[in-house]
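[1] Return a 3D structure for these sequence lines:
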Amino acid sequence: MLIALAIAMTLVTVNTIVRGPFGDPGAWVVTVVFVQVLTVLLLAAVGWSDLRGPRDRRGRRD
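    The predicted structure follows:
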């Protein structure tokens, strides 16, 4: 799934650079890259919390 997301994000970036959906492509590249960075940070946060696993009140693993 993450590979498919990475491929889709790359295709959107290339498409935006080539022709831009509306108006100046340069402005859209900034928007697309910003959204992609937020997506990567969200996925990293989800992965990090999943890797840590559940813990009890004292911080020990169950």
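[2] contacts, neighbours, all on C-alpha from now
    Will do.
[3] mind listing the helices for this protein?
    Here the chain has its helices, by DSSP state H, at 2-19, 25-52.
[4] Test for you: state the pLDDT assigned to residue 42.
    Looking at residue 42, its pLDDT reads 87.
[5] go on, the one 5 residues further on?
    Turning to residue 47, the model gives it a pLDDT of 81.
[6] Against residue 28, how distant is it?
    Residue 47 is 28 Å from residue 28, where distance means Cα to Cα, to the nearest Å.
[7] before we move on, what about residue 9?
    14 Å.
[8] Nearest approach to residue 58 belongs to which of the helices of the chain?
    With Cα to Cα, the closest approach to residue 58 among the helices of the chain belongs to helix 25-52: 14.3 Å.
[9] any idea which of the helices of the chain scores lowest on pLDDT?
    Mean pLDDT across the helices of the chain is lowest at helix 2-19; the value there is a mean of 76.
[10] higher neighbour count, residue 47 and residue 28?
    When residue 47 and residue 28 are compared on other Cα atoms under 10 Å, the one with more neighbours turns out to be residue 28, at 18 against 11.
[11] Thank you, goodbye.
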